[in-house]
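Peer 1: take a look and give me a structure for this.
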Amino acid sequence: MRYAFLLLLAPALVLLAACGGDDDGAGTSATATAATSPSPGGSATEPAPTGTPAISACALVTAEEAAEALGGPVDAPAESILGESLSQCVFKTVGGTELDPILIMQVRTDIIEADFERFVTINSPGDAGEVVVVPGLGDRAYQQVATFVYSGGVIIVVRTTTAGVAGDPAVQQDLARKALARLP
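Peer 2: Here you go, the predicted structure:
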């Protein structure tokens with residue numbers, strides 16, 4: 001299946017964005033509840049970001065960086081804009097197929113830190129190994145099949161694959177650091 005990861009991750013991102021109501025019918029959104037509820041540590045999480053402009057995922061990685069990460073020249077990136085808050089950029093090697101190395105970068109701009117844990121859980125296959133904390137990358141970061149970074153109301157997801165096998169975590173984390181430096 002072509003870009004199977006994209007087909008799995010995009011609906012999860014949309015699902016997370018669509019979470020809007022609680023079960024008591026009071027009409028309080030999950031985001032509003034998370035923004036004002038104390039976290040397990042006892043402090044309230046930050047309020048939901050407002051007015052955050054869409055960020056192009058393709059503006060956060062260069063073709064040269066993608067080529068270095070994938071080990072060869074790349075085609076022009078394919079960008080998908082999925083609303084005001086979600087952008088996805090896909091690079092593949094020149095003339096490549098879905099089995100050749102690909103780089104997927106996604107940026108989401110409408111999430112609060114309290115929802116980041118759920119986002120990582122939704123997007124981390126249970127059979128792909130342990131989710132590991134990545135210190136020193138954004139406000140919070142995790143590694144599994146991809147690098148997941150939360151920084152100031154923005155999530156960056158970086159994944160490299162060859163024949164469906166996750167790429168080198170160090171390469172993914174390096175690309176995430178470069179992307180963080182380019183955030184507006």
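Peer 1: so in this structure, where's the weakest helix or strand by average pLDDT?
Peer 2: helix 30-36 (a mean of 29; mean pLDDT, DSSP states H and E).
Peer 1: next secondary structure element downstream of it?
Peer 2: helix 63-70 (DSSP states H and E).
Peer 1: parallel or antiparallel, list what pairs with the very next helix or strand once past that next one.
Peer 2: Going down the chain from helix 63-70, the next helix or strand is strand 78-81, by DSSP H and E. Using DSSP bridges, the strands paired with strand 78-81 are strand 86-92 (antiparallel).
Peer 1: I'd like to know which elements the helix or strand following the strand it pairs with is packed against.
Peer 2: As assigned by DSSP H and E, the chain's next helix or strand after strand 86-92 is strand 102-108. Counting contacts by 3 or more C-beta pairs under 8 Å, 6 or more residues apart in numbering; DSSP states H and E, strand 102-108 is packed against helix 4-18, helix 63-70, strand 86-92, strand 154-162, helix 169-182. For the C-beta atoms, the positions are set from N, CA and C on the backbone; glycine is no exception.
Peer 1: how about these, which one is nearest Gly136?
Peer 2: helix 169-182 (9.0 Å; C-beta to C-beta).
Peer 1: what about Leu99, distance to Ala163?
Peer 2: 5 Å (C-beta to C-beta, to the nearest Å).
Peer 1: lovely, talk soon.
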